[in-house]
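*Asks:* Sharing a sequence plus its predicted fold:
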Amino acid sequence: MRLLNLFKRLNIAPVNQTVRFYAQEYTPKPLRSLKGKSTRNTVQYYVDSCRVRTVAGNGGDGCISFLSAWCKDHAGPDGGDGGHGGHVIFQATHTVKSLNHCRSVITAKHGERGFNKDCNGKNADHVVVSVPLGTIVKDSSGRVLADLDSEGVMFVAARGGAGGRGNKFFLTDTEQAPDIAELGATGETHSYSLEVRSMAHVGLLGAPNAGKSTLLRALTRARPTVAPYPFTTLHPHIGMVLYDDYEQIAIADLPGLIPGSSKNYGLGIQFLQHVERCRGLIYLLDGSTDPLEQYESLTYEITQYNAELADRSHCVVVNKIDLPEGRRNYEELKKNMDVIGISAKTGLNLMELLHIVRKMYDSGES
């Protein structure tokens with residue numbers, strides 16, 4: 001008997017018993033960050049659009065020079081070419097989520113001038129500005145010039161000027177002592193409007209005061225403003241959810257949508273454009289009021305803006321079920337549709353919501 005108990009503790013089966021293995025499907029688990037949130041008064045907002053002016057570098061001037069050696073006073077021209085000016089380039093990358101690092105004026109360096117003894121000037125380095133995936137580049141008239149929707153895609157915003165050629169280049173059989181050289185070309189200068197259309201993997205949609213900011217605070221380390229009045233969120237906020245398989249999912253808190261948002265009422269289309277490229281949507285309903293009416297209003301505004309969003313992976317979440325009226329409305333709504341009830345304030349059922357978020361993320365990725 002003691003030997004049998006030892007086999008059980010060591011997970012070893014005796015010889016006269018059959019060993020069975022049960023394969024279980026692994027489900028990634030969300031990780032709770034043990035690091036405390038920042039206590040600074042300054043909150044870094046998510047910048048989803050900005051205007052920039054790009055100034056490329058000028059090319060270096062060519063050199064006029066004549067070689068004078070000890071054995072030959074007139075050895076011919078030896079002026080080198082000038083270096084090329086630097087470009088200004090936008091490059092899409094997944095490591096950047098916002099445009100808050102973009103300066104209003106982005107300037108590249110000029111190319112170096114040419115020197116004597118056939119020494120060419122140094123080319124200036126290009127200025128590569130990292131932008132989030134899904135950034136749209138528009139000109140001053142609003143025309144779309146580029147859609148940086150994949151990793152590593154580049155857009156040359158301003159081309160640097162070419163370097164001027166020195167007098168060595170103009171040496172011919174008939175012209176043995178050219179005393180001319182080219183000036184470096186002037187770099188381009190353009191103005192652009194940058195817009196981010198894919199700010200997160202999952203977007204939080206809901207009416208004002210539905211608890212979106214409270215939910216984002218509970219799930220991530222983001223610190224959006226929470227207050228008991230509508231439209232406390234005037235800027236979009238984004239938070240990251242970590243899983244134990246090293247996957248990171250970005251969740252965006254969008255400002256509240258009101259009836260007529262598809263016609264640009266309230267904060268309207270300025271933030272509805274981000275929903276187009278989210279892999280999943282979370283319809284967050286306020287359980288203390290009529291959640292069914294909120295859901296119908298949200299789906300109507302979404303389909304009016306883009307009918308294809310109706311087929312997007314989504315889940316319906318009823319918040320504030322810790323209140324008696326919230327629990328009662330949740331139980332009534334659960335009879336007619338598939339919903340999940342949570343309490344962002346007390347943390348009820350948040351782990352179940354994070355598992356659903358991961359399923360939406362995986363389905364959108366495939």
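*Replies:* That came through fine. Residues are numbered from 1 along each chain as shown.
*Asks:* can you pull the buried residues of stretch 307-321?
*Replies:* For stretch 307-321, the neighbour count (16 or more other C-beta atoms under 10 Å) marks 309, 312-321 as buried. For every residue, glycine as well, the C-beta is placed using N, CA and C.
*Asks:* ok, now stretch 78-96?
*Replies:* Residues 78-93, 96 are the ones in stretch 78-96 that count as buried (16+ other C-beta under 10 Å).
*Asks:* how far out from the middle of the chain is it?
*Replies:* Here the centre of stretch 78-96 is set off from its chain's centre by 24 Å, with C-alpha atoms, centre = their mean, to the nearest Å.
*Asks:* Any idea how far apart the tips of that stretch sit?
*Replies:* Distance between the two ends of stretch 78-96: 47 Å, counting by C-alpha to C-alpha, to the nearest Å.
*Asks:* ditto for stretch 122-135
*Replies:* First-to-last residue span, stretch 122-135, C-alpha to C-alpha: 32 Å.
*Asks:* related to what we said a few turns ago, go through the buried residues of stretch 307-321 and say which is closest to residue 360.
*Replies:* Distance to residue 360, by C-beta to C-beta, is smallest for residue 313 among those, at 4.6 Å.
*Asks:* related to what we said a few turns ago, mind listing which of the buried residues of stretch 307-321 are in strands?
*Replies:* Residues from those lying in strands, with DSSP state E as the criterion: 313-319.
*Asks:* Spatially, which two of those are the most separated?
*Replies:* Maximum pairwise distance among those (C-beta to C-beta): 19.9 Å, between 313 and 319.
*Asks:* before we move on, back to that, now tabulate the ones in strands among the buried residues of stretch 307-321 in CSV and tack on pLDDT and distance to residue 107.
*Replies:* What follows is these, written out as CSV (pLDDT from 0 to 100; distance: C-beta to C-beta, whole Å):
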residue, pLDDT, distance to residue 107
313, 85, 43
314, 87, 44
315, 90, 46
316, 91, 49
317, 92, 47
318, 93, 52
319, 91, 48
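*Asks:* closest to residue 171 among those?
*Replies:* For those, the residue nearest residue 171 by C-beta to C-beta is residue 313; the value is 68.2 Å.
*Asks:* residues touching that closest one, list them.
*Replies:* 279-281, 360, 363-364 (C-beta atoms under 8 Å, 6 or more residues apart in numbering).
*Asks:* Start and end of stretch 78-98, how far apart?
*Replies:* 50 Å.
*Asks:* and the contacts of residue 313, which are buried?
*Replies:* 279-281, 360.
*Asks:* I'd like those as JSON lines, with secondary structure, pLDDT and distance to residue 354 appended.
*Replies:* Formatted as JSON lines, the buried ones among the contacts of residue 313 follow (DSSP: H, G, I helix; E, B strand; the rest coil; pLDDT from 0 to 100; distance: C-beta to C-beta, whole Å):
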{"residue": "279", "secondary structure": "coil", "pLDDT": "80", "distance to residue 354": "15"}
{"residue": "280", "secondary structure": "strand", "pLDDT": "85", "distance to residue 354": "12"}
{"residue": "281", "secondary structure": "strand", "pLDDT": "88", "distance to residue 354": "16"}
{"residue": "360", "secondary structure": "helix", "pLDDT": "84", "distance to residue 354": "11"}
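*Asks:* Now intersect the buried residues of stretch 78-96 with the strands, please.
*Replies:* 88-93.
*Asks:* Which of these sits closest to residue 181?
*Replies:* residue 88 (26.9 Å).
*Asks:* so how far is residue 307 from that closest one?
*Replies:* 38 Å (C-beta to C-beta, to the nearest Å).
*Asks:* now swap in residue 277 and tell me
*Replies:* 16 Å.
*Asks:* Next up, the contacts around residue 50.
*Replies:* Applying C-beta under 8 Å, 6+ apart, the residues contacting residue 50 are 99, 102, 104, 193-194.
*Asks:* Adding distance to residue 252, write the ones in strands among the buried residues of stretch 307-321 out as a markdown table.
*Replies:* Converted to a markdown table, these look like this (distance: C-beta to C-beta, whole Å):
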| residue | distance to residue 252 |
| --- | --- |
| 313 | 15 |
| 314 | 14 |
| 315 | 15 |
| 316 | 18 |
| 317 | 15 |
| 318 | 20 |
| 319 | 17 |
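*Asks:* List just the nearest of those to residue 341.
*Replies:* Using C-beta to C-beta, residue 318 comes nearest to residue 341 of these, at 4.8 Å.
*Asks:* unless I'm mixing things up, that closest one is touching residue 283, no?
*Replies:* No. Contact between residue 318 and residue 283 fails when scored by C-beta atoms under 8 Å: they sit 9.4 Å apart.
*Asks:* what number of residues lie near the nearest residue to residue 275 once chain neighbours are set aside?
*Replies:* Nearest in space to residue 275, with sequence neighbours left out and distances taken as C-beta to C-beta, 6 or more residues apart in numbering, is residue 203 at 5.3 Å. Other residues near residue 203 come to 28 when the count uses other C-beta atoms under 10 Å.
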